[in-house]
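> What shape does this take:
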Amino acid sequence: MKKGALSRTQLAVLVWAGVLAPAAELLPGAVLSAGRGAWLAPLAALPLVLLSVCLLTRLAGDKGLARGILDGLGPRFGWGVLFLYLVWALALLALRLRLCAGRMLSSGYRDGAMPYFLLAAAGMVFWLAGGSLAAFARAGQLFFLVLAVTGGAILLLSLPQVRAVRLLPLWTGDVVPVLQSGFAAAGVLGWGSCWAFLTEEMPSDGKGSCRRTALGCVILALTQGVILGSLGPALAGRLDSPFLALAKSVGVEGAFQRVESVVAALWVIADVTMACLLTFALRAMLAAAAPQRQEKWTGRTAVVLATGIALFLPGRQMERLEHLALWANLWSGLVMPILLGTWIKVHKSG
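Purely as a prediction, here's the structure:
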């Protein structure tokens with residue numbers, strides 16, 4: 001990999017473009033525990049997310065998290081920990097491909113075509129996985145711009161529907177539920193933890209990472225506030241994707257009506273971006289574990305394996321995997337780095 005081929009700003013934009021996919025599915029889980037205070041979930045998650053960013057930055061250094069794990073723990077234990085991260089990333093990739101296919105299916109209103117859409121999504125990721133991360137990051141900036149403009153337009157047109165009574169007031173009894181909802185939000189944002197495996201291509205200067213993370217969480221909280229203020233906690237809690245449901249109510253008389261299909265189709269970009277990020281992370285893990293392998297084909301092999309899992313795993317098991325993913329993200333992005341950092345520090349001091 002070429003050092004400095006990718007800036008931290010480019011990677012941050014790429015990660016946020018990918019995280020927008022699971023973020024569109026955040027509110028239902030958060031509302032269950034926080035009610036109308038669920039819009040504060042990203043802010044409640046901010047301390048956990050910032051801690052995760054700091055820990056992963058320290059562990060990854062300028063070599064990437066995979067190399068940091070192997071150097072810090074040695075080959076025997078390092079390979080074991082790296083294997084756990086491989087399983088985690090592969091499971092997330094399979095889940096994201098399945099969810100992407102579901103989004104494509106919902107945007108086209110076609111029945112019985114899930115395998116077709118799944119293979120189409122996997123084909124896009126398979127093709128992109130053969131290129132360089134720097135080239136994909138440049139495309140990711142355009143992806144993020146399209147998603148930001150689309151999402152911003154939907155939210156702006158939804159502002160007249162927002163009712164303050166659906167968001168406020170919040171009392172002392174709401175504090176604990178809001179804090180609990182922060183774990184759900186941290187689990188969703190944990191989809192982006194794979195960035196730590198990609199720092200090998202970046203300059204060593206890590207300034208601004210926490211600032212960008214905090215800004216993203218604030219914007220996400222405001223976004224959730226508009227969605228919850230428009231739909232209300234009862235309705236938002238019953239929906240799989242409140243954001244896409246909000247798009248159904250958006251329209252400009254004489255210009256366009258019922259744009260939810262277009263928005264769902266555009267949001268596939270976020271799914272593909274997230275899937276590609278996971279694929280590049282898997283490439284980096286396998287490159288650190290087996291340097292003699294060609295990264296191009298290790299990434300594509302991972303896509304094929306994930307596609308097989310997504311195709312043949314029963315729907316009920318995929319739903320269970322979707323719920324487990326939030327806790328797995330917390331474990332991989334926060335708990336595991338704490339344990340690894342402690343072990344490495346004790347081992348070096350000893």
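
> Would you tell me what helix or strand residue 213 is located in?
helix 209-231 (DSSP states H and E).

> helices or strands next to that helix in the packing?
If you count contacts as 3 or more C-beta pairs under 8 Å, 6 or more residues apart in numbering; DSSP states H and E, helix 209-231 packs onto helix 8-23, helix 27-34, helix 41-60, helix 133-158, helix 242-248. (Each C-beta comes from the backbone N, C-alpha and C, glycine too.)

> comparing the ones you listed, which gets the lowest mean pLDDT score?
Least confidently modelled of the helices and strands packed on helix 209-231 is helix 27-34, at a mean of 76 by mean pLDDT.

> Compute the inter-axis angle for that helix and helix 41-60.
110 degrees (axes from the mean of the first three to the mean of the last three C-alpha atoms, to 10 degrees).

> how about helix 27-34 as PDB, C-alpha atoms only?
The C-alpha trace of helix 27-34 is given here as PDB (Å, rounded to 0.1, in the frame of the first residue of the first chain):
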ATOM      1  CA  LEU A  27     -34.500   5.000  15.600                       C
ATOM      2  CA  PRO A  28     -36.700   1.800  16.100                       C
ATOM      3  CA  GLY A  29     -34.300   0.200  18.600                       C
ATOM      4  CA  ALA A  30     -33.600   3.500  20.300                       C
ATOM      5  CA  VAL A  31     -37.200   4.500  20.700                       C
ATOM      6  CA  LEU A  32     -38.100   1.300  22.500                       C
ATOM      7  CA  SER A  33     -36.100   2.400  25.500                       C
ATOM      8  CA  ALA A  34     -36.100   6.200  25.200                       C
END
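
> tell me, how many neighbours does the closest residue in space to residue 274 that isn't next to it in sequence end up with?
Distances taken as C-beta to C-beta, 6 or more residues apart in numbering place residue 18 nearest to residue 274, at 3.4 Å, with adjacent residues excluded. Burial of residue 18 is recorded as 29 neighbouring residues (other C-beta atoms under 10 Å).

> Same question for the one 5 residues further on.
Residue neighbour count, defined by other C-beta under 10 Å, stands at 23 for residue 23.

> So it versus residue 287, what's the distance?
As defined by C-beta to C-beta, to the nearest Å, residue 23 lies at a distance of 29 Å from residue 287.

> Then residue 239?
Distance, residue 239 to residue 287, using C-beta to C-beta: 40 Å.

> which of those two has more neighbours?
Set side by side, residue 239 and residue 287 show more neighbours around residue 287, with 21 against 17, by other C-beta under 10 Å.

> immediately after the host helix or strand of that one, which helix or strand?
If you go by DSSP H and E, residue 287 is part of helix 260-289. Sequence order places helix 295-312 as the next helix or strand after helix 260-289, per DSSP H and E.

> Residue 151 against residue 20, yeah?
Yes. Using C-beta atoms under 8 Å, residue 151 makes contact with residue 20 at a distance of 7.3 Å.
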